[in-house]
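Colleague: okay, sequence plus prediction incoming.
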Amino acid sequence: MKKLVFTLACLVPLLGFTQEHFLGINTSHKTTMLNVDNNPAELVNLSNKVDVSIFHLSVNASNNKINMLDFLDTDKSSEAYESDLLSGDNPFNSTINLKLIGPSIGVRINNWGFGFKYTLNANVSLTDVDPNLIDIIEAEEDLITEIQTNENQRITAIGYQTLDFSVARNIMENETSKLSAGLTLKLLASEAYANGGINELNVSIERENDELYFSNGNASIDFAYAGIFSESFEDYNYSFLGNGIDGLGTDIGFNYQIKNENSKYAYKLNLGLAIKDIGSINIDENARRETYTLAIPETERFNASEFEDVENTEDVIAILEDSPYFTSTDSETTVKVKLPTSLNIYADYQVYGNLFGTVQINQSLVKNSENTVIPNYSTYALIPRYSGKSFEAYLPLSVSTISSFNAGFGLRLGGFFYVGSSSAISAAFSDTIKKADVHLGFRFGIGKSKRTSTTQETSNSEID
């Protein structure tokens, strides 16, 4: 266990799934399958009759204590990082996210839109971890102290794939406005899952001769795993839908547009509302969830250093069940994991000519302290942009419930390629950042553009 917890605390924000992927580009007036991922109702607004995505990739790391620019400082000591963790009274929260949208296609036919996409998701999170506990575990000198927390301290890791089938339709349309609704059905396939939660830990801790002992302690413990984590914490081999379909998810969205008198752009105002990631994964492949109560008498000690050499989840379970201080209260062979449900609201307004402004709210609807949920955090953004036919520049300004304020920058070149980050400007001009991210992608469209005037429309065979 020596240096394990502290190393993990540092690596989680460094590797880096907050949940707002593709911030800035997914509300562009150039409507693609990326907009559909944001709101399925946007399918009927595709800029081309057929939209084909080669890939969209977003990686995102956030935390609330460690300055991520310090990782570039090779002279900074581990003691200095520990000092950052111990700053303030708040628990430590950190999350890394990866989202890869693979091959996808959307088709717009009259008042209907149909789409399909493949997505790979990965997430590792530390939730409400007491920094003092990390400091005690990583201490080298002998000590005696106490820990008392009311939070559920969690570490969660999950990887899963989705096959998404989307449909949308115009509900109402006239000369000045239109209203549409859309639905995405997600077939979920888990790859790996693990969760460790320690709720309301109250314990006396003693470090003696490099061994860590707990005494006079009480807590509720949740430990769950599924898939490859039953065999190893380190080895991972990707396989397409490796464990089969073991869950269903849904996105539901609505879109309202006030049309533009200047037909160069389809709308003057684009409003969207979507509830995303409704549903859960029910994993029974190498799956197990155990809950325990911890009760250690004042006159006895449990050697927590036994966890130092564990290599997989079965090793952890063996230690817990061999100890007289852990009592099993529930055992399940199917692990249920709730998706990170969120409410997404946005408004994109044409300010003047090619200048647009977007307001976007991504509100988490899950309680991160629950052991069965994938942690999620809320983001509130203002995004000014210059948006032309062949070029777009956007400036996402956002506030997150985990990493505070960030400023970023992104570019779209033609209709084909984009690259951006919602934290790039903060990283370049600020001395302290708690978030790092990047997104990029490549796609093309076929067929008549929906957002050009009659004299500017492309032919059905033109690629954009």
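Modeller: Received the coordinates, thanks.
Colleague: for the stretch 301-450 of the chain, just list every one of the strands.
Modeller: All strands of the stretch 301-450 of the chain, identified by DSSP state E, counting those that start in this stretch, fall at 302-303, 326-332, 335-338, 342-352, 355-364, 379-387, 391-394, 397-400, 404-407, 409-413, 417-421, 435-446.
Colleague: what about those strands, which gets the closest to residue 265?
Modeller: For residue 265, the closest of the strands of the stretch 301-450 of the chain is strand 342-352, at 6.1 Å, according to C-beta to C-beta. Where C-beta positions appear, they are placed from N, C-alpha and C, glycine not excepted.
Colleague: buried residues in that closest one?
Modeller: For strand 342-352, burial by neighbour count (16 or more other C-beta atoms under 10 Å) applies to 342, 344, 346-348, 350.
Colleague: and what of stretch 406-420?
Modeller: Buried residues in stretch 406-420, counted by 16+ other C-beta under 10 Å: 406-410, 412, 415, 418-420.
Colleague: over to stretch 301-319?
Modeller: 301-302, 304, 306, 310, 312-313, 316-317.
Colleague: what do you get for stretch 126-134?
Modeller: 126-134.
Colleague: stretch 383-395 too?
Modeller: 383, 385, 387, 389, 392, 394-395.
Colleague: pLDDT on it, on average?
Modeller: In this model, stretch 383-395 carries a mean pLDDT of 94.
Colleague: distance between the ends of that stretch?
Modeller: 5 Å (C-alpha to C-alpha, to the nearest Å).
Colleague: and the contacts of that stretch?
Modeller: Defining contact as C-beta atoms under 8 Å, 6 or more residues apart in numbering, one finds that stretch 383-395 is touched by 23-25, 27-30, 354-360, 396-397, 407-415, 418, 420, 425, 452.
Colleague: try it again at 6 Å.
Modeller: Stretch 383-395 has contacts (C-beta atoms under 6 Å, 6 or more residues apart in numbering) with 24, 29, 354, 356-358, 396, 409-412, 414.
Colleague: farthest-separated two in these?
Modeller: Across the contacts of stretch 383-395 (C-beta to C-beta), the longest gap, 22.8 Å, separates 357 and 414.
Colleague: buried stuff in stretch 421-428?
Modeller: In stretch 421-428, counting by 16+ other C-beta under 10 Å, buried: 421-427.
Colleague: tell me which of those residues is nearest to residue 115?
Modeller: Scanning those for proximity to residue 115, where the rule is C-beta to C-beta, the winner is residue 422, at 24.8 Å.
Colleague: from residue 131, how far out is the nearest residue to that closest one once chain neighbours are set aside?
Modeller: Nearest residue to residue 422 in three dimensions, chain neighbours excluded: residue 408, at 3.8 Å (C-beta to C-beta, 6 or more residues apart in numbering). Residue 408 sits 28 Å away from residue 131, taking C-beta to C-beta, to the nearest Å as the criterion.
Colleague: please report phi then psi for residue 68.
Modeller: Dihedral pair for residue 68: phi -70, psi -20, per degrees, to the nearest 10.
Colleague: and for residue 118, the neighbour number?
Modeller: Residue 118 has 17 neighbouring residues, counting by other C-beta atoms under 10 Å.
Colleague: secondary structure element for the nearest residue to residue 145 once chain neighbours are set aside?
Modeller: By the measure of C-beta to C-beta, 6+ apart, the closest residue to residue 145 outside its immediate chain neighbours is residue 205, 5.5 Å from it. Here residue 205 sits within strand 177-208, counting by DSSP states H and E.
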